[in-house]
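*Asks:* Attaching a predicted model along with its sequence, questions to come.
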Amino acid sequence: MATFPWQQLPGLQPPYPSAFMELRAGAAWVQVSGLFDTGASLTTLRAPVEQPRLNLANAVCIPCGSRDANGGFAWQKATVLKARLDGNEFDLPAVLSDGVPLNLIGRAGLSDLWAIQHDPANGVSHFAWVGPQPGWGNVPWADRWVAYWKEMLNRKYDWPNWNLQGRPPIPDPPALPPALP
C-alpha cells in the first residue's frame with residue numbers, strides 16, 4: 001500500500017489529496033507528483049514542464065478535446081504513459097496541458113486498479129493495489145483509452161499530422177474519425 005500526505009499550496013484551502021508516481025514515455029522513469037483530482041477522468045500534466053522531462057515526442061500524442069472546471073474548451077495532447085506505483089506497473093492515459101498550474105492525477109489507470117481511501121482526519125490518502133475488477137469486465141478503464149489512442153495513431157491522428165491536415169473534426173471518444181492522409 002502506498003500512503004501519500006495531503007499537500008497545502010498557497011491559495012488552496014483546505015489541503016488537497018496528492019499522489020506521487022513514476023512515469024515513463026521512453027527509457028527513463030521520472031518521478032511525478034500532483035493533486036489527486038477525483039473529478040478528472042485523465043491525468044493532466046503541465047506540458048511545458050513534464051513533456052521535456054519525459055522526453056515525450058508530439059508524434060506519440062493524439063488530439064483530445066477537454067473542458068476545464070469552468071466549461072472552457074481546449075485541444076490538448078493525449079498519450080499513454082507507463083506508470084509505476086508501489087511496485088506495480090500499469091498504463092496511465094494522460095493529457096498534456098499548457099493551462100494547469102500543477103499536475104492533476106486523474107481516475108483512469110488509478111481508480112480502476114487501486115482501492116483509494118482518503119483519510120482527512122490524518123491528512124493522508126492510501127492507494128492499495130487491487131488489479132482489474134469484475135465490475136469493469138476484468139478490463140481496466142485505462143485499457144479502453146489505450147485501445148483508442150493506438151487506433152487514433154494507426155489512423156494518422158498524431159498531433160503533428162492532425163495540425164498539418166488543418167485540424168479536421170474528431171468525434172467524441174470512443175467514436176473514431178476516418179483515417180488521415
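*Replies:* Arrived safely, thanks for sending.
*Asks:* Show me where this structure has its helices.
*Replies:* Using DSSP state H, the helices of the chain run over residues 47-54, 141-154, 159-164.
*Asks:* buried sites along stretch 111-121?
*Replies:* By 16 or more other CB atoms under 10 Å, the buried positions in stretch 111-121 come out as Ser111, Asp112, Leu113, Trp114, Ile116. From N, CA and C alone the C-beta is placed, and that goes for glycine too.
*Asks:* Longest strand in the chain, by number of residues?
*Replies:* As assigned by DSSP state E, the longest strand anywhere in the chain is strand 73-85.
*Asks:* Tell me the strands beside that strand, with direction?
*Replies:* If you go by DSSP bridges, strand 73-85 pairs up with strand 18-24 (antiparallel), strand 62-67 (antiparallel), strand 88-97 (antiparallel).
*Asks:* And the pLDDT at Arg167?
*Replies:* Model confidence at Arg167, given as pLDDT, is 96.
*Asks:* quick one on the thing from earlier: give me the subset of the buried residues of stretch 111-121 lying in strands.
*Replies:* Those of the buried residues of stretch 111-121 lying in strands (DSSP E): Trp114, Ile116.
*Asks:* any chance of the buried residues of stretch 111-121 in CSV, with pLDDT and distance to Ile170 too?
*Replies:* Putting the buried residues of stretch 111-121 into CSV (pLDDT from 0 to 100; distance: CB to CB, whole Å) gives the following:
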residue, pLDDT, distance to Ile170
Ser111, 86, 25
Asp112, 84, 24
Leu113, 89, 27
Trp114, 92, 30
Ile116, 92, 31
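*Asks:* Good, we can wrap up now.
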